[in-house]
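Engineer: here is the input, now give the coordinates:
(one chain, ligands or ions: 1)
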Amino acid sequence: MSTPIQWLVVTDLDASLLNESYCWDAALPALQRLQDLGIPLILNSSKTFSEMSELATALGTMTPVVSENGGLVSVHKDSELMDPMHVLVRSGNYLTEVNGLSRDFIIGVAHALREEEGYQFQGFSDWSLEQVSDRTGLSHSMAQRSLSRHATEPIVWEDSSERYNAFTGSLAKAGIRVLRGGRFLHLMGEVDKADGLVCARALYEKKQPKVDWKTIAVGDSANDLAMLEAADIALVIPHADGPRIQPKAPRVVHASRPSTKGWNDAILTLLTELS
Ligand SMILES: [Mg+2]
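Structural biologist: Numbers count the residues shown, from 1 in each chain. As a prediction, this is how the structure comes out:
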């Protein structure tokens, strides 16, 4: 008897499942189809756990949540995937594992470099709640959740590209890397969304080892590339001017239109084919 195949969908949020108004209504048909087929949907974003757990609740999912670009993996306390052997930190209804470096360490290194070299950049730790709200377009309460970070610091670079290379070189010596997201550069440890995908898949593999767990990863920007390349099927969501990434995966699929609508169309097409 051959090993049964079960699919997991691991998705980015901004400009993928969510549109510019942070809305996913246009993806409801595909979300319903995933639920009908029993295919878990894993949210994997640069957003904070606080932002993402609220989204997961609104979406009605109890699946693992990967936040801060793979820096945190959270499992719902009532999930069948909960593994009491795992070392996890309690946060609300979830137990969270911290990968990579702490945000305090990252901010300490970046600010010391700014002090020494006079680099021009600003980040979330420099801004008031009001300023974060203005810069992100998030409401105050959403901006508050976006500020509750543990493993990443988003910044905006306002200096030359030569000095950017020097800055990132110094960060790398401290084990800090820079990922380009949709709106910000994210300073973080040596983990990325691909680690989040691998961690999430491993939870399912441990729970159901006799199943061949395969993944569809969905994303639109450079910080999704590693995650898409770690998947069996990479689904690229384009922008209005076309795709921004060209992943190398066993199979690459391009959605025909941007954001939530493209996400919906492409997932429905894939599910029809795979089920
Ligand atoms: Mg995105």
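Engineer: and residue 36, how far is that from residue 249?
Structural biologist: From residue 36 across to residue 249, the span is 26 Å (CB to CB, to the nearest Å). The C-beta positions use only the backbone N, C-alpha and C, and glycine is treated the same way.
Engineer: of the two, who's got more company?
Structural biologist: Taking neighbours as other CB atoms under 10 Å, residue 36 and residue 249 compare with residue 249 leading, 20 against 10.
Engineer: could you measure from the more buried one over to residue 32?
Structural biologist: In this view, residue 249 and residue 32 are 26 Å apart by CB to CB.
Engineer: count the neighbours of residue 57 for me.
Structural biologist: Residue 57 is flanked by 13 other residues according to other CB under 10 Å.
Engineer: which strand or helix spans it?
Structural biologist: helix 49-59 (DSSP states H and E).
Engineer: avg pLDDT for that helix?
Structural biologist: In this model, helix 49-59 has a mean pLDDT of 92.
Engineer: who's in contact with it?
Structural biologist: Helix 49-59 has contacts (CB atoms under 8 Å, 6 or more residues apart in numbering) with 13, 24, 31, 41, 43, 45, 47, 62-63, 65, 67-68, 72, 74, 91-94, 96, 142, 145-146, 148, 150.
Engineer: now with 7 Å?
Structural biologist: Applying CB atoms under 7 Å, 6 or more residues apart in numbering, the contact partners of helix 49-59 are 43, 45, 65, 67, 72, 74, 91-92, 94, 96, 142, 145-146, 148.
Engineer: in TSV, list the residues you listed along with neighbour count and secondary structure.
Structural biologist: Listed next are the contacts of helix 49-59 as TSV, based on neighbours: other CB atoms under 10 Å; DSSP: H, G, I helix; E, B strand; the rest coil:
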residue	neighbour count	secondary structure
43	27	strand
45	27	coil
65	26	strand
67	28	strand
72	27	strand
74	25	strand
91	15	strand
92	14	coil
94	25	strand
96	19	strand
142	18	helix
145	19	helix
146	21	helix
148	12	coil
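Engineer: quick one: the strands in the stretch 1-150 of the chain?
Structural biologist: 5-11, 41-44, 65-67, 72-76, 89-91, 94-98, 121-123 (DSSP state E, counting those that start in this stretch).
Engineer: quick one: closest of these to the ion.
Structural biologist: For those, proximity to the ion was assessed by CB to the ion; strand 5-11 is nearest, at 9.4 Å.
Engineer: could I have the closest one exported to CSV, CA atoms only?
Structural biologist: The C-alpha trace of strand 5-11 is given here as CSV (Å, rounded to 0.1, in the frame of the first residue of the first chain):
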residue,chain,number,x,y,z
ILE,A,5,-0.2,12.1,0.8
GLN,A,6,-1.6,15.0,2.8
TRP,A,7,-1.1,18.6,1.9
LEU,A,8,-0.3,21.6,4.1
VAL,A,9,-0.6,25.2,2.9
VAL,A,10,1.9,27.6,4.4
THR,A,11,1.1,31.2,3.6
